[in-house]
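**Q** Predicted model, plus sequence, below.
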Amino acid sequence: MSDPQPDAFPRANVTAHGPRASFREARLAWGLAAGSCVAAALIVAWALAGSGSRVEVRFLEGHGLKPRDPVKYRGIVVGEVESVGLAADMSGLVVKARLLRSAEPLARVGTRFWIERPRFSIGEIRSPGTLVGGCYLAAAPGAKGGEAAHEFVGVESPPESVSDAAGGLEIILECDERLGLEPGSSVTYRGIVIGKVLSVGLSSDAVRVEARVHIGGEYRALVRTNTCFWRSSGIDMSWGLFSGLEMDVESLSTLTSGGVSLATPDEPAAAVTTGRRFVLHAKRKDEWLSWAPQIALGSSLLPDGAPRPQPSRVSLSWREPFLIGSRLKQVSGWALLMEGGILLGPADLLVSRESAVDGASNLAWRGTERALSRARASTHGQIALLDVSISGAGDARPWPATRTRRPDEPEDCAVFADPRKPATALSLGRLSAHGDAWDVDGSVSFDDDWHGAAVLSRRDGSLVGILLVRELETARIALVPTLAAARGDQKDPAE
């Protein structure tokens, strides 16, 4: 047997990698690793940059709040709930939440947190939006400049709005039984709501029932030492031989949950102060309905004798281009009639819009509607003056020119919008000068319904500005122009 030839077997060619190739591959691997680390660090930094402080809030009840529910302030998401758990001593719950960087000022002393959820009472549903969107953690900031804080005790109910408490009168009504009263029940005078019931409970000795009642500041003069209070059922029935059965229903809320009515004799006694106690009668006496005292109403926020402004509701509507046609746009707010037939209010309510089709807008005021052009109103910053004397102001009572001035620096103020509702007090500490306007601290909340409200000085009752709240992060007070400037710039042509 002969030996096989060398070419009969397969040959393997082995190529050795040189040191240059090994170094190149290692450098590539390390580069990829370093790049991944940098990318991860950037992602973490980006996430941390958008998040702010953590806060812990203690509650007695959770009301269905859960992780990932939002934290909101004035309807805007400012954070997220991270966890909801029992407190170490089992006395309640601890909610941990992370705030956005932009909402860090909420983490300060005085901030109040509560769980916003549907609240049902007879005749009223509060926070109906949470029926669909679920519960969330709501916040109201403490005073500006407060020290940082990260642990809070939550409140069970939303804090009362500042307008409910400003300049008001708080009294106690005593009765033998509850008489169907609930917190939030209305207090009326001649069918007009002038206050509400704050709380109902037993007296300290459990002998009687006490209802704590708040009366709006401008109506506190109606309450005198000889005023009589009774429980109003909301429905009044009478029978006559010729008239038959007559029924008078005040409102659904009063009909179902009851309320309190009051009357003051034709000869009013002395005014009362906070804490005064009255008897709440189960039924009224017929003679009480015949009382008709002449009592001057006003606001305790202003000096004695200072008149209360009566802003009017105005709406500006226009059509603007949309796709191949146009669409109707409208904004509403308040404006104040000045002496000389000049309407004073926000410029976005009294000046025709540039985007309007044909350059014209319509202004609705006191039951009439008129066309506007941009040349009609004179603007002074964010407020405007419009001549309405040509079309007439009807029975509107103009604001006197002698009670208008331009202040040099912020001062204590009172804000007036809807004449049927209480005014709101604004202290000097809540205001900061910003050019020709004053910025209102974010802890004082105003919604769009206050846009155009009249702002008066509490020192002398003079008109000093107009409140602006639409499309602003915080409310702002635009200072009124001097009378000379307003008259000099006003060049509105007659219609």
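**A** Alright, I've got the coordinates.

**Q** C-alpha from now on. contacts and neighbour counts both.
**A** Noted.

**Q** Show the average pLDDT along stretch 380-389.
**A** Across stretch 380-389, pLDDT averages out at 87.

**Q** Sketch out the low-pLDDT regions of the stretch 301-450 of the chain for me.
**A** Residues of the stretch 301-450 of the chain that meet the criterion pLDDT under 70 lie in 373-375, 390-396.

**Q** Equivalent analysis for the stretch 101-250 of the chain, please.
**A** For the stretch 101-250 of the chain, the ranges with pLDDT under 70 are 119-133, 143-145, 159-167, 233-250.

**Q** how close does the closest residue to W450 other than its chain neighbours sit to G452?
**A** The shortest distance from W450 to any non-neighbouring residue, by C-alpha to C-alpha, 6 or more residues apart in numbering, is to A417 (6.0 Å). Between A417 and G452 the distance is 7 Å, computed by C-alpha to C-alpha, to the nearest Å.

**Q** Need the residues touching each of the two.
**A** Applying C-alpha atoms under 8 Å, 6 or more residues apart in numbering, one finds that A417 and G452 are jointly contacted by W334.

**Q** Comparing these two, which residue is more hemmed in?
**A** G452 (34 against 26; other C-alpha atoms under 10 Å).

**Q** how close does that one get to P346?
**A** 6 Å.

**Q** Give me the contacts around stretch 175-188.
**A** In contact with stretch 175-188 (C-alpha under 8 Å, 6+ apart) are residues 193-200, 207-210, 215, 231, 253-254, 257-262, 279-282.

**Q** redo that, cut-off 7 Å
**A** 193-200, 208-210, 257-262, 279-281 (C-alpha atoms under 7 Å, 6 or more residues apart in numbering).

**Q** Mind giving me the PyMOL command for buried ones among these?
**A** With 16 or more other C-alpha atoms under 10 Å as the criterion, this PyMOL line picks the buried residues out of the contacts of stretch 175-188:
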select buried, resi 193+194+195+196+197+198+199+200+209+210+257+258+259+260+261+262+280+281
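
**Q** is it true that L428 touches E411?
**A** Yes. If you go by C-alpha atoms under 7 Å, L428 and E411 touch, sitting 4.8 Å apart.

**Q** So which of these two has more stuff around it?
**A** E411 (20 against 13).

**Q** Surely the more buried one is in contact with R430?
**A** No. Counting by C-alpha under 7 Å, E411 does not reach R430; the two are 9.5 Å apart.

**Q** give the contact list for the residue lying closest to A87 once chain neighbours are set aside.
**A** Once flanking residues are discounted, A87 sits nearest to L93: 5.1 Å by C-alpha to C-alpha, 6+ apart. Shown in contact with L93 (C-alpha under 7 Å, 6+ apart): 58-62, 84-87.

**Q** of the residues you listed, buried ones?
**A** Buried, going by 16+ other C-alpha under 10 Å: 58-60, 62, 84, 86, out of the contacts of L93.

**Q** Among those, which are located in strands?
**A** 58-59, 84, 86 (DSSP state E).

**Q** Quickly list the domain ranges of this protein.
**A** 52-153, 162-290, 313-393, 401-487 (automatic domain parsing).

**Q** Nearest to P158 among the contacts of L93?
**A** Comparing the contacts of L93 against P158 with C-alpha to C-alpha places F59 closest, at 13.3 Å.

**Q** The closest one is in contact with E151, isn't it?
**A** No. At 11.6 Å, F59 does not count as touching E151 under the criterion of C-alpha under 7 Å.

**Q** Dig out what D439 forms beta bridges with.
**A** D439 has these beta-bridge partners by DSSP bridges: S432, R476.

**Q** Next: V213.
**A** For V213, the beta-bridge partners are I171, V197 (DSSP bridges).

**Q** what about the longest strand in this protein?
**A** Per DSSP E, the chain has its longest strand at strand 325-338.

**Q** Tell me how many other residues crowd the closest residue to P105 other than its chain neighbours.
**A** Nearest residue to P105 in three dimensions, chain neighbours excluded: P141, at 7.6 Å (C-alpha to C-alpha, 6+ apart). When counting by other C-alpha under 10 Å, one arrives at 22 neighbours for P141.

**Q** Over to A33?
**A** 12.

**Q** Am I right that it sits in a strand?
**A** No. A33 is assigned helix when assessed by DSSP: H, G, I helix; E, B strand; the rest coil, not a strand.

**Q** what about L316, which helix or strand?
**A** strand 312-322 (DSSP states H and E).

**Q** report the angle between the axes of that strand and strand 325-338?
**A** Angle, strand 312-322 to strand 325-338, by axes from the mean of the first three to the mean of the last three C-alpha atoms, to 10 degrees: 160 degrees.
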